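Trainee: what follows is a predicted structure for the sequence shown.
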There are 2 protein chains.
Amino acid sequence: MGTASEALLAYLHEHIPLSARMGTRIVEAGPRGVLLEAPLEPNLNHRETAFGGSVAALAILAGWTLVHLRLRAEGIEARTVIQRGDVSFHEPVEEAFRAHALPPDPSTWSRFLRTLARRRKGRVTVRVDVLCGGRAVGGMNAAYVSLTISPEP
Amino acid sequence: MGTASEALLAYLHEHIPLSARMGTRIVEAGPRGVLLEAPLEPNLNHRETAFGGSVAALAILAGWTLVHLRLRAEGIEARTVIQRGDVSFHEPVEEAFRAHALPPDPSTWSRFLRTLARRRKGRVTVRVDVLCGGRAVGGMNAAYVSLTISPEP
């Protein structure tokens, strides 16, 4: 893991303490994609598989991190929060699991940036695949809203 | 909190350790509704409001608990897991928050029980309201799948 990822992980663990309690680690994180991983043990459910709430939380975090990193790469200071998400679980998660947030297609991203520039507020949907043992076991489409931060007067 | 709620809370904290790490407590839990609460501190995000992943997790847990308790009240032994969920966040969550799982309407519930009896597998959708400071700040529609457990031969 590079220094940028270490700093990002420290940021996540400090500001979103549940991410540390879930044992979240960064496999890869950049404007072209964010891949987070969590071990099974702190995220177990009553069936000895991963709790759906943990899986949803990792997916929401991966999508948020992608939007955050992409905006930073554009030099845009903004606050981003989730607005809605549609999560699905196809198979039980029986070992460490990953959430892979994929970049929106270029036209969607450009439209988001244009709206953000014009209205200081924009909304973008991110696809997050949930993987376990190398297979897709679920996923989420998550919509985030960003507000640009005005410089202090 | 009555003895039944204490036993349920112990079950959740033991089998779904993230529920303990989130500080989940039971306000009310029975076949007619499940109301869970979590404090803000362990569930904070980078904005000093509740992390969307924590809110989604509490909603998933409330819905699951409702299905579990309603099946138990019918004398049905089943394993229940979440299949999908659609979560929305209308307002920032600035203090302790609650997830209130509401019973499905009687015809939906009867259909679920009939399918479960016939196919040993059924699916039911539960509405969960997310509340903060007495106001609705978000919600989730979550679909759960139950499989009846056969007695050991």
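Mentor: Here it is on my side, so go on. Numbering: from 1, shown residues only, chains lettered A, B, ... in the order given.
Trainee: which positions in chain A make contact with chain B?
Mentor: Within chain A, the positions near chain B by Cβ under 8 Å from any Cβ of the partner chain are A:11, A:15-19, A:21-22, A:41-47, A:49, A:51-54, A:56-58, A:60-61, A:64, A:79, A:81-89, A:92. Glycine gets a C-beta too; all of them are placed from N, C-alpha and C.
Trainee: list buried residues within those.
Mentor: The neighbour-count test (16 or more other Cβ atoms under 10 Å in any protein chain shown) marks A:16-19, A:21-22, A:42-46, A:49, A:51-54, A:56-58, A:60-61, A:64, A:81-89 as buried among the residues of chain A next to chain B.
Trainee: just the ones of these in strands?
Mentor: Mapping these onto strands (DSSP state E) picks out A:81-89.
Trainee: pull the distance from stretch A:77-84 to the chain's centre.
Mentor: 11 Å (Cα atoms, centre = their mean, to the nearest Å).
Trainee: list the contacts for residue A:123?
Mentor: Contacts for residue A:123 (Cβ atoms under 8 Å, 6 or more residues apart in numbering or on different chains) come out as A:83, A:112, A:115, A:143-146.
Trainee: could you do residue A:82 as well?
Mentor: So residue A:82 contacts A:60, A:63-64, A:142-145, B:52, B:89 (Cβ under 8 Å, 6+ apart).
Trainee: just give me the longest strand of chain A.
Mentor: Max-length strand for chain A by DSSP E is strand A:135-148.
Trainee: tell me which residues of it come out buried.
Mentor: Going by 16+ other Cβ under 10 Å, strand A:135-148 has these buried residues: A:137-146.
Trainee: and the residues you listed, which two are the farthest apart?
Mentor: A:137 and A:146 (29.0 Å; Cβ to Cβ).
Trainee: retrieve the pLDDT associated with residue A:136.
Mentor: Looking at residue A:136, its pLDDT stands at 96.
Trainee: does it really touch residue A:102, like I thought?
Mentor: No - Residue A:136 is beyond contact range of residue A:102, at 11.8 Å (criterion: Cβ atoms under 8 Å).
Trainee: please enumerate the shared neighbours of the two.
Mentor: residue A:129.
Trainee: residues near residue A:66, how many?
Mentor: 30 (other Cβ atoms under 10 Å in any protein chain shown).
Trainee: name the SS class of it, please.
Mentor: helix (DSSP: H, G, I helix; E, B strand; the rest coil).
Trainee: quick check, pLDDT for it.
Mentor: Value listed for residue A:66 in the pLDDT field: 98.
Trainee: wait, doesn't residue A:51 sit right on residue A:40?
Mentor: No - if you go by Cβ under 8 Å, residue A:51 and residue A:40 don't touch, sitting 9.8 Å apart.
Trainee: for the residue nearest to residue A:57 when sequence neighbours are not counted, give me its contacts.
Mentor: With sequence-adjacent residues excluded and distances taken as Cβ to Cβ, 6 or more residues apart in numbering or on different chains, residue A:57 is closest to residue B:53, at 2.8 Å. By Cβ under 8 Å, 6+ apart, the contact set of residue B:53 is A:16, A:18-19, A:53, A:56-58, A:60-61.
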